[in-house]
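[1] All I have is the shape, not the residue letters:
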């Protein structure tokens, strides 16, 4: 194998593979002001999808964007259904190991306009926020 062939092989096979391993920055799906904090919903995709969805929930100080410890977070998901009882989905927000950041999983049984609600009562005081993502 000539040196030129070896360099070409590396450039065409290995470099694109390495580039695909880079993580793209998360998409900010929502930023809601709730009292003294901004609640930020981040997702690896531009939208949440039906089925099991995982996203990041952050609580940030509006003045400088620093993460804020809000303690335990309760979460719920509900989708209104015209002429029927609403549909509910389980949501779990767990601390990520970084104060103010939570790994959140939700189960959306179908696409539609869901309402996600979050409540907390910790060191930063009590609060709640709701946002309505379109689930694809």
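    Great, that's in hand. All values reported here derive from a predicted model rather than from experimental measurement.

[2] low pLDDT regions in the protein?
    1-23 (pLDDT under 70).

[3] Which parts of it are strands?
    Listed in chain order, the strands of the chain (DSSP state E) span 27-34, 37-43, 51-60, 73-79, 87-89, 91-95, 101-108, 112-113, 115-122, 125-131, 134-135.

[4] List the beta-bridge partners for residue 112.
    Counting by DSSP bridges, residue 112 is bridged to residue 135.

[5] Please name the residues that touch it.
    Neighbouring residues of residue 112 by Cβ atoms under 8 Å, 6 or more residues apart in numbering: 79, 134, 135. Every C-beta, even on glycine, is put in place using the N, C-alpha and C of the backbone.

[6] Residue 44 now?
    Per Cβ under 8 Å, 6+ apart, neighbours of residue 44: 23, 24, 26, 27, 54, 55.

[7] Among those, name the buried ones.
    Buried subset of these (neighbour count, 16 or more other Cβ atoms under 10 Å): residue 55.

[8] Now render the contacts of residue 44 as CSV, adding distance to residue 118.
    What follows is the contacts of residue 44, written out as CSV (distance: Cβ to Cβ, whole Å):
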residue, distance to residue 118
23, 25
24, 25
26, 17
27, 18
54, 15
55, 12
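
[9] just curious, which of the contacts of residue 44 is nearest to residue 42?
    residue 26 (3.9 Å; Cβ to Cβ).

[10] Was I right to think that closest one contacts residue 43?
    Yes: the pair formed by residue 26 and residue 43 meets the contact definition of Cβ atoms under 8 Å, at 6.1 Å.

[11] what sits in contact with each of these two?
    residue 56.

[12] returning to that earlier point: which among the strands of the chain is found nearest to residue 66?
    It's strand 51-60; of the strands of the chain, that one is closest to residue 66 (Cβ to Cβ) at 6.6 Å.
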